[in-house]
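>>> Quick check, what structure comes out for this input:
(one chain, ligands or ions: 1)
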Amino acid sequence: MAAAVTTAAITDGVTSSRKDTRLKDSLEIRLSPLPQTKAAENNGNNKHEKKEEKQKDENNTANTVNEKSEAAVEVGPDKTQGRYNLRRRKDDGDAKPVETKPKQLGEKDAKLAAAPAASLATPLDFGGKIGAYFWLLFLPAWVLFLVLQVNLEDPSLTNFPPPLPALEAFWDAQALGFVILWILFQALLYILPVGKVSEKSLELNKLINASFCAVAVSSLAVAAAVHQGVDLTYIHSHFLQLTAASFLVAVLLSVYLYVRSQYAAGEQLALGGSSGNVAYDFFKGHELNPRIKEFDLKFFCEMRPGLIGWCLINFAMALAEMKQQGLDAPSYSMILVNLFQLLYVVDGLWNEEAILTTMDLMHDGFGFMLAFGDLVWVPFTYTLQAYYLVSHPNHLSLPAVAAIVTLKLVGFYIFRKSNSEKNAFRRNPSDPKLSHLQIIPTATGKSLLVSGWWGVVRHPNYLGDLLMALAWSLPCGFSHLLPWYYMIYFIILLVHRDARDMSECRRKYGSAWDEYCRTVRYRIIPRVY
Ligand code: NDP
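Reported below is the predicted structural model:
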């Protein structure tokens, strides 16, 4: 993954410098004084329309949006403020939402603004076609390595590679049965008519806040099972077999998804997973939101079996720790890891609606990458810290507990506040509570926040997430690198994700995005990165 991130970073750097040069050229042209009469504006628009026709012919719709962005600014009401409205919106008096602008555009303009999403092929990600083969082999091998390594008495790097068990050790019909049962149970909860339909979720015909109900019902079911004498430490003793069974389910699901995507209509395909290369499209996901009737497969897998399974596994590890170490209660370290990660999952499920605006839901197709991530990667690698603590106790003093809890709360605060701010803004840009925030309008009709949390760094939510990740690793101490794996992996993931999001936003918003990047210079950590 590091290689992919490096490649992405290099490509990003090169393209951004080229784009900067182009932007500079266009700025120089645009900053020449324009007559401010209505007629002149109309002329500008006519000229602009001709340009658009030409560009349409050339199939270069991304540039069209950039041009439109510039034109929108030139004819905008706020010429005294330069290209973008960087004032607090409440100072505008009525705090008019910029998002109303597309309604003022003609039908033709609106179509052009929407065009890129339908017609542009996005550049290949993750090392392209060769990269797809690599990830298809590497990701399962990496999970296997982690699961075997954490099971060692001394999981240090000096004991690399861990001994490979015999092939039969991977297979356990009962483990496969439990995995299928768990997924079916979650599917049953998913189809229950619980929750509300929100404006955003209408597109997916999704009931929102039902995932939170699912975690509540699942907890009750697990408590009842434990009460009835079900030994959940089975999850600890059969971790390898459960991982293998989940992997099998993820592979079968991915094959099904790829086959059905071949019959999907063009508008249902994901931009990113439509390269025409079988391995790449299988990996990246060809169909955007595959559904069986009302059942949205991607939404279900993203929110339910893996995420709730993560908490179940952590809980089982706490029981296994008590059993293995003869404790009456789990250790402080285990309690912290359990509570921190439970908070993370419950928060995600409580704010379920937010996932409807994430990259996974909006842009990535549903293929092996997400199926494997949801069903194998999240439940079986995010639980490594709890697994590690079962046989590697780490005593924490009360001041250490207090310091780690504080770190977690600070991270959570930044994460939640920044995500909520953006979600609230996307839901209702004219929300009076957000009128103090400065914005940059874009040609798509959406605006970009340029103050508040999103004015500190370009991804404040990633910053909060990273602080929380640090708080998850600290309870495991410093004896081994393994429990720090999540932290290291997460830095790589978020740096790469930030790069992907940057190029996606640049494609969507053109010069408005470049303006945002110039105003908010740092990506994740203020003054550092
Ligand atoms: P974000 O929630 O950061 O969404 C990025 C999108 O937000 C952009 O594409 C753009 O979309 C919009 N946006 C960007 N900048 C601005 C701005 N200044 N003003 C308004 N809108 C803006 O991305 P992710 O989906 O990557 O992350 C969601 C959350 O999930 C994060 O908190 C992240 O930390 C977490 N996460 C956790 C993972 C884990 O494994 N634990 C993995 C991945 C993510 P548009 O303009 O189209 O609305």
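>>> In this model Thr233 seems to touch Phe315, though I could be wrong.
No - using CB atoms under 8 Å, Phe315 is not in contact with Thr233; the gap is 10.6 Å. Using the backbone N, CA and C atoms, a C-beta is placed for each residue, glycine as well.
>>> Compare those two and say which is more crowded by neighbours.
Taking other CB atoms under 10 Å, Phe315 and Thr233 do not tie; Phe315 has more neighbours (21 against 17).
>>> From Leu339, how far out is the more buried one?
Separation of Phe315 from Leu339 (CB to CB, to the nearest Å): 11 Å.
>>> This structure against the ligand: which residues are in contact?
357-359, 415, 419, 422, 425-426, 446, 448-449, 454, 459, 461-462, 465, 497, 501, 504-505, 516 (CB under 6 Å from any ligand atom).
>>> Put the buried members of those into a ChimeraX selection.
The following ChimeraX line selects those of the residues of the chain next to the ligand that are buried, judged by 16 or more other CB atoms under 10 Å:
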select :415,419,422,425,426,446,448,449,454,459,461,462,465,497,501,504,505,516
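>>> Which of the residues of the chain next to the ligand fall in helices?
359, 415, 419, 422, 425-426, 461-462, 465, 497, 501, 504-505, 516 (DSSP state H).
>>> which one of these is nearest Leu137?
Nearest to Leu137, judged by CB to CB, of these is Arg497 at 22.0 Å.
>>> what sits against the closest one?
359, 462 (CB atoms under 8 Å, 6 or more residues apart in numbering).
>>> Quick one: mean pLDDT for stretch 363-372?
Stretch 363-372 comes out with an average pLDDT of 93.
>>> quick one, strands of the stretch 201-350 of the chain?
Along the stretch 201-350 of the chain, counting by DSSP state E, counting those that start in this stretch, strands occupy 207-208, 291-292, 295-296.
>>> which residues of the stretch 151-300 of the chain fall in helices?
For the stretch 151-300 of the chain, the helices defined by DSSP state H, counting those that start in this stretch cover 173-191, 210-227, 234-237, 239-261, 278-284, 297-303.
>>> To Gly326, which of the ones you listed lies closest?
helix 234-237 (15.2 Å).
>>> Now tell me which helix or strand of this structure has the poorest mean pLDDT.
None of the helices or strands of the chain scores lower by mean pLDDT, DSSP states H and E than helix 2-30, at a mean of 33.
>>> Quick one: low-confidence residue ranges for the protein.
1-122, 194-209 (pLDDT under 70).
>>> Contact partners for the nearest residue to Val179 once chain neighbours are set aside?
Leaving aside its sequence neighbours, Val179 sits nearest to Ala245 (CB to CB, 6 or more residues apart in numbering; 4.4 Å). Contact analysis of Ala245 by CB under 8 Å, 6+ apart lists 172, 175-176, 178-179.
>>> Counting neighbours, which of the residues you listed comes out on top?
Neighbour counts for these peak at Val179, which has 23 neighbours (criterion: other CB under 10 Å).
>>> Quickly note the distance from it to the ligand.
Using CB to the nearest ligand atom, to the nearest Å, one gets 21 Å for the distance from Val179 to the ligand.
>>> Return the distance of Asp296 relative to the ligand.
For Asp296, the distance to the ligand - CB to the nearest ligand atom - is 17 Å.
>>> what are the bridge partners for that residue, then?
Note on Asp296: beta-bridge partners Arg291, judged by DSSP bridges.
>>> Tally up the residues packed near it, please.
20.
>>> you'd agree it is up against Asn289?
Yes - using CB under 8 Å, Asp296 is in contact with Asn289, at 6.0 Å.
>>> shouldn't Ala443 be in contact with Ala512?
Yes - here Ala443 reaches Ala512: they are 6.9 Å apart, a contact under CB under 8 Å.
>>> Surely Leu297 touches Arg260?
No - using CB under 8 Å, Leu297 is not in contact with Arg260; the gap is 9.4 Å.
>>> So between those two, which is more surrounded?
Between Leu297 and Arg260, Leu297 has the larger neighbour count (other CB under 10 Å), namely 20 against 15.
>>> ok, the nearest residue to the more buried one once chain neighbours are set aside - contacts?
Distances taken as CB to CB, 6+ apart place Pro290 nearest to Leu297, at 4.9 Å, with adjacent residues excluded. The contact partners of Pro290, taken as CB under 8 Å, 6+ apart, are 257, 260-261, 264, 268, 296-298, 366.
>>> what's the farthest-apart pair in those residues?
Ser261 and Asp296 (14.7 Å).
>>> helix/strand/coil for Phe366?
Under DSSP: H, G, I helix; E, B strand; the rest coil, Phe366 falls in the coil class.
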